[in-house]
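In: Coordinates only, no sequence provided:
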């Protein structure tokens, strides 16, 4: 009796994949081998004029966190909050350039112009952006 093994070539083709495989063991690999990101830019929207200084700081943090996804280093940028006038924030923030850019931080900085206090920040040189594990960092 003959065994019907006609399905064996189909099984081998189906299991062979055909996509790329990331064989590196480096945890800082920032290349996307899955064929593209499914992330969409959707930061929260705020009426900045109606927020207190504390609420502006929280809103900025939420905005940056919603916009920190990246596939490659070039997706990222560094934005500077004017902490000398807005002591609820730090100096530098890493975001996805196509999602939150200089226009957005300028709006926040303008709304927070009178949020200073006794603390004066010292920012130093702007850090370089990077993309590690699909997150913009510096």
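Out: Right, received. Where do you want to start? Predicted, not measured: the structure shown is a model, and the values here were computed from it.
In: residue closest to the middle of this protein?
Out: Centroid check for the chain by C-alpha atoms, centre = their mean gives residue 68 as the closest residue, at 1.3 Å.
In: ok, residue 102 - contacts?
Out: For residue 102, the contact set (C-beta atoms under 8 Å, 6 or more residues apart in numbering) comprises residue 79. Backbone N, C-alpha and C define where each C-beta goes, glycine included.
In: Give me the phi and psi for it.
Out: The phi and psi values for residue 102, taken as degrees, to the nearest 10, are phi -60, psi -30.
In: hang on, the earlier thing: quick check: closest non-adjacent residue to the residue nearest to the centre of the chain.
Out: residue 136 (4.7 Å; C-beta to C-beta, 6 or more residues apart in numbering).
In: for that neighbour, phi and psi?
Out: When read as degrees, to the nearest 10, the backbone of residue 136 gives phi -70, psi 130.
In: just checking, it touches residue 76?
Out: Yes: using C-beta atoms under 8 Å, residue 136 is in contact with residue 76, at 3.7 Å.
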